[in-house]
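Visitor: Next input, structure requested:
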Amino acid sequence: MVEINFVIGWVCNFFLLFTLPVYVLFLLTLIKYRKDKELKHAFFRLLLSNGLADILQIIMVLLGYNLAASGLVPQLFIWMGDLFVKIYFPVSRGVNVAQCVGALWIAVNRLTALHFPFSYDRIWTSKVTFIFIIAFQWFASVALTLNLVIAANTYSLRVKPDNKTIEFVVTGPFYTTPVSPAVISSFCLLMIYSFIFLAAFFKTLQRKEWTVKERAALKMTAAGFVICSALISSTIFSRFFRNDIVGAFGLTIFISSTPYSLLIFSSAVRNRFFHFVFGCFCKESSSNTSKAEVDSMAGNSIRRLPIIKNASVAPIDLKRMSYEVPNHVLTE
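Guide: As a prediction, the model looks like this:
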């Protein structure tokens, strides 16, 4: 069992080290193209906020728990002492809450975009509402951090018999809490995505074909589910089955899966990411699939203008239009 822990621990470390620069480039891509028609929607702004929490958590995991468990620099942790644990543990838990709340907002965004498109505009296009959503995410993080700092917890370092491996020991009311934020978030995420996919299944039974826009919306919903499924699995195995190995691996996937899932499911993100990183122009797709993907982000349905065949327009109408419509529109 010790060997399995050692192997999985180093696999997680290498995966996080590889993911960290990829995630940073992914967020820089979203920031650079934030005003693009395809990447300006609330879904991607939620990914920016949640991505910041993910990157903070990756750094804290690498420089905290994993570095201490590796036994590479035990003298450093012994020198920092119990004060490091008293600062590190509340902050890491607070960042984890920001991740969980962000994952919930992403799930709600996909739910409204796919099944309640008319409510989507009222919720996600309002700047005041969106600021409240982001503020709530980080307020919950700060609130839990301060609560753990103020609470009567005891934080200490413990050196294992090998005199290399360091453990962070926390005792107090935190571990007496019956339900953690991760468990609550996992349950809510499971309910939301179950509703989304069950509704999609019943729609499939009612009709034979899906529209292009609906298929694109389901792809982005699948991307959101991939991001959250690791949190759900890690919570189940670590909390209920007490399997720390699978729990740690699931947590690693949760904090690093966002860029990979978006690169797989979204052609708009993939094209801009490779253009930003490699400088090679990836031609934007002009197919109906890419257009539908944009509409699925915004929660809008595809609006098609009626096609008029064999119609004639009087010359006088064209003259009147020339005074009202810009020239570049008439020439198109």
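Visitor: where do the strands sit along the protein?
Guide: 154-159, 166-171 (DSSP state E).
Visitor: which stretch among those comes nearest Ser261?
Guide: strand 166-171 (30.3 Å; Cβ to Cβ). Heads up, the C-betas are built off the backbone N, CA and C, glycines and all.
Visitor: Buried residues, the closest one. List them.
Guide: Neighbour-count burial for strand 166-171, counted by 16 or more other Cβ atoms under 10 Å, picks out Ile166, Phe168, Val170.
Visitor: before we move on, back to that, output the strands of the chain in TSV; the columns should cover distance to Ala140 and mean pLDDT.
Guide: Listed next are those as TSV, based on distance: least, Cβ to Cβ, whole Å; pLDDT from 0 to 100:
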stretch	distance to Ala140	mean pLDDT
strand 154-159	22	82
strand 166-171	20	81
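Visitor: could those be laid out in JSON lines, adding distance to Phe249?
Guide: Compiled in JSON lines, the strands of the chain are given as follows (distance: least, Cβ to Cβ, whole Å):
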{"stretch": "strand 154-159", "distance to Phe249": "24"}
{"stretch": "strand 166-171", "distance to Phe249": "19"}
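Visitor: For Tyr193, which of the ones you listed is the nearest?
Guide: strand 166-171 (31.7 Å).
Visitor: burial count for Ala222?
Guide: When neighbours are defined as other Cβ atoms under 10 Å, Ala222 has 18 of them.
Visitor: ignore the last one, Arg93
Guide: 19.
Visitor: Give me the mean pLDDT for stretch 248-265.
Guide: Averaged across stretch 248-265, pLDDT comes to 84.
Visitor: from the chain's centre, how far out does it sit?
Guide: 8 Å (Cα atoms, centre = their mean, to the nearest Å).
Visitor: Regarding that stretch, how distant is the last residue from the first?
Guide: Distance across stretch 248-265, first residue to last, is 25 Å (Cα to Cα, to the nearest Å).
Visitor: Mind listing what's buried along that stretch?
Guide: Of all the residues in stretch 248-265, those buried under the rule 16+ other Cβ under 10 Å are 248-263, 265.
Visitor: And stretch 14-25, by the same measure?
Guide: For stretch 14-25, burial by neighbour count (16+ other Cβ under 10 Å) applies to Leu16, Thr19, Leu20, Tyr23.
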